[in-house]
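Peer 1: Generate coordinates for the sequence data below:
(one chain, ligands or ions: 2)
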Amino acid sequence: MVSSNAKVSSSRPLGGRMAAVKDMAGYLRALFEVEREFVCCATTLIYRVGDIELKYALCQHVWEAAGHARFIRERGRELSGFGKGEQVRTEIRQLFDEAISPEDALQAVAGFYRVFKPALLAAYESYLEETNHLADWPSSKLVEEFIQDEKRHAQEIEPYLAGVESAAWEKRLTACLQAVGGWLMKEPGLPLPEDFVWSVSEKPYRHPATCNRGSYPVCSSVFGNDPQADPIVRDWLEDPQTDARVVRLMVYVWLMMELDAVDYLATVFYDTRDAPFDLHFDLARHLWDESRHSQFGYRQLPKLGVDLTKLEHSLDLYNILVQMTPAERYAMMTMEFEAGSFPTKAKVMDRVRELNDFEADTLLAFDRNDEQGHVRYGHRWLPEIMKLFGETRPVAEFVAATRIRFEALAEEFGGKTPHSLSPEERVTGSDLLALASKQS
Ligand SMILES: [Fe+2]
Ligand SMILES: [Fe+2]
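Peer 2: Residues are numbered from 1 along each chain as shown. Ligands and ions are numbered 1, 2, ... in the order given. Predicted structure coming up:
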């Protein structure tokens, strides 16, 4: 590959001895901040969009963006001029605050994927054009790879934006981006009109009171004790007399419903914007893991004959947790739900192994392994999130108090989502029993 660095060098005003390094490090710094903000802000799209596959794609892109940011940070730290700390400058934050402001979630997705991400791709391309590929080989290799990722991200989201008209919104966001000189902040800034008002100054961002599941039927909870009404019958799950094929179907329903973890975990990023980047890196991994766990069910259930249009999605956990502080949300997730799920899941895994279904065993084994990681994240990061919000109680005391508060909020905000479908229409335990009898 031929470097165009000579052209740039000759046009660069005589700076300090390290000017060439400092210029590129400055660009990398801006790119780190942009990827970081993408992680904190594109996560607000996840629970607002209704298309399940779009939620999964966004989780994957957030995880990849976190990877880009991490690699850039590691490389940046080798370079003079990258700067200390991990804070994102106000101008970049302001742009992302604007990007998440539309009420219509697909407009917001369009802003991210028709303006911000193409500009990020262009910034990476411009970096590659400007740097010296021999001298700055480590950065060049990373950037080459990120360019491929950005192109793929654009293709992956395009189908979900078919028919979404967003010209006015794109124009506004483009003007905001041009005002700071683009993502590398190196072009002369084009001032915004004098009467321009940032959306966030008129209306601060708030998470919606419930999450969006598009055209899927919904309910408060999928766990219960009535085989004629609930898909996951608690007694059946643990009863050694239950047909293992029923247990397999039920655990896939359980896994698919981890989509609630996707939706409520996604709310924690924006609320903890000042946290260390490593926290968001682990949270992004956690989020992506949950989206894959949900896909285990979402992809396997139809193969086993379950009609997903008849399977209600449970909304209670999001609806209750969104009423709590980010530290409480994260405490309930890691210290209560995840830490508490191992004994039942162990029994379920043993039952499923009776079926000699290698794929099911594999999915459950990876799920268990991931969940162990999530509990570790909880121990590592809950104290940090508590600190961020001035919570000074010992962790154990805070978790115990949070459990009690969760129960109280569950009374108030739980059980409020009526069934979209009648017991006859929706998938229930007895339907799963009937389906299981037809399986090997
Ligand atoms: Fe999970
Ligand atoms: Fe988990």
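Peer 1: how many other residues sit next to Leu106?
Peer 2: 20 (other CB atoms under 10 Å). Bear in mind the C-beta positions are built from the backbone N, C-alpha and C, glycine included.
Peer 1: so where does it fall, helix or strand?
Peer 2: helix 105-111 (DSSP states H and E).
Peer 1: Could you list the buried residues of the helix or strand just after that helix?
Peer 2: The helix or strand immediately downstream of helix 105-111 is helix 117-130, counting by DSSP H and E. By 16 or more other CB atoms under 10 Å, the buried positions in helix 117-130 come out as Lys117, Pro118, Ala119, Leu120, Leu121, Ala123, Tyr124, Ser126, Tyr127, Leu128, Glu130.
Peer 1: So which of the residues you listed is the closest to ligand 1?
Peer 2: Nearest to ligand 1 among the buried residues of helix 117-130: Lys117, at 27.5 Å, using CB to the ion.
Peer 1: domain ranges for the chain?
Peer 2: Using automatic domain parsing, the domain ranges for the chain come out as 17-202, 218-436.
Peer 1: possible to save those as CSV with mean pLDDT and distance to Asn212?
Peer 2: Output for the domains of the chain, formatted as CSV (pLDDT from 0 to 100; distance: least, CB to CB, whole Å):
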stretch, mean pLDDT, distance to Asn212
domain 17-202, 96, 4
domain 218-436, 97, 8
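Peer 1: for the ones you listed, which one sits closest to ligand 1?
Peer 2: Among these, the nearest to ligand 1 by CB to the ion is domain 218-436 (3.7 Å).
Peer 1: From start to finish, how long is that closest one in a straight line?
Peer 2: From its first residue to its last, domain 218-436 covers 23 Å (CA to CA, to the nearest Å).
Peer 1: Off-centre distance for it?
Peer 2: Averaging C-alpha positions (CA atoms, centre = their mean, to the nearest Å) puts domain 218-436 15 Å from its chain's average.
Peer 1: What residues of stretch 410-426 count as buried?
Peer 2: Ala410, Phe413, Gly414, Thr417, Ser420, Leu421, Arg426.
Peer 1: How about the contacts made by Thr242?
Peer 2: Residues near Thr242 by CB atoms under 8 Å, 6 or more residues apart in numbering: Trp236, Arg351.
Peer 1: try 7 Å
Peer 2: Shown in contact with Thr242 (CB atoms under 7 Å, 6 or more residues apart in numbering): Trp236.
Peer 1: Could you report the distance from it to Pro227?
Peer 2: Distance from Thr242 to Pro227, counting by CB to CB, to the nearest Å: 11 Å.
Peer 1: just Trp236 next, same as before
Peer 2: Taking CB to CB, one finds Trp236 at 7 Å from Pro227.
Peer 1: For ligand 2, what is the nearest residue in the stretch 151-300 of the chain?
Peer 2: Glu290 (5.5 Å).
Peer 1: how far away is that residue from Asp370?
Peer 2: Separation of Glu290 from Asp370 (CB to CB): 8 Å.
Peer 1: more neighbours, the two?
Peer 2: Neighbours per residue, other CB under 10 Å: of Glu290 and Asp370, the larger number sits with Glu290, 27 against 17.
Peer 1: The more buried one - that's part of a helix, no?
Peer 2: Yes: assigned with DSSP: H, G, I helix; E, B strand; the rest coil, Glu290 falls within a helix.
Peer 1: so what's Glu336 closest to, chain neighbours aside?
Peer 2: Of all residues not flanking Glu336 in the chain, Arg403 sits nearest, at 6.3 Å (CB to CB, 6 or more residues apart in numbering).
Peer 1: Quick check: the one you found touching Phe337?
Peer 2: No: checked against CB atoms under 7 Å, the pair Arg403 and Phe337 is beyond contact range at 10.9 Å.
Peer 1: Mind listing what's buried along the helix holding Leu106?
Peer 2: Result for helix 105-111 [16+ other CB under 10 Å]: buried residues Ala105, Leu106, Gln107, Ala108, Val109, Ala110, Gly111.
Peer 1: Present those residues as a markdown table; the columns should include distance to ligand 1.
Peer 2: Putting the buried residues of helix 105-111 into a markdown table (distance: CB to the ion, whole Å) gives the following:
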| residue | distance to ligand 1 |
| --- | --- |
| Ala105 | 24 |
| Leu106 | 27 |
| Gln107 | 30 |
| Ala108 | 26 |
| Val109 | 24 |
| Ala110 | 30 |
| Gly111 | 30 |
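Peer 1: between those residues, which is nearest Ile92?
Peer 2: Gly111 (14.9 Å; CB to CB).
Peer 1: OK, contacts around that closest one?
Peer 2: Gly111 sits next to Ala99, Pro102, Ser166, Trp169, Glu170, Leu173 when contact means CB under 7 Å, 6+ apart.
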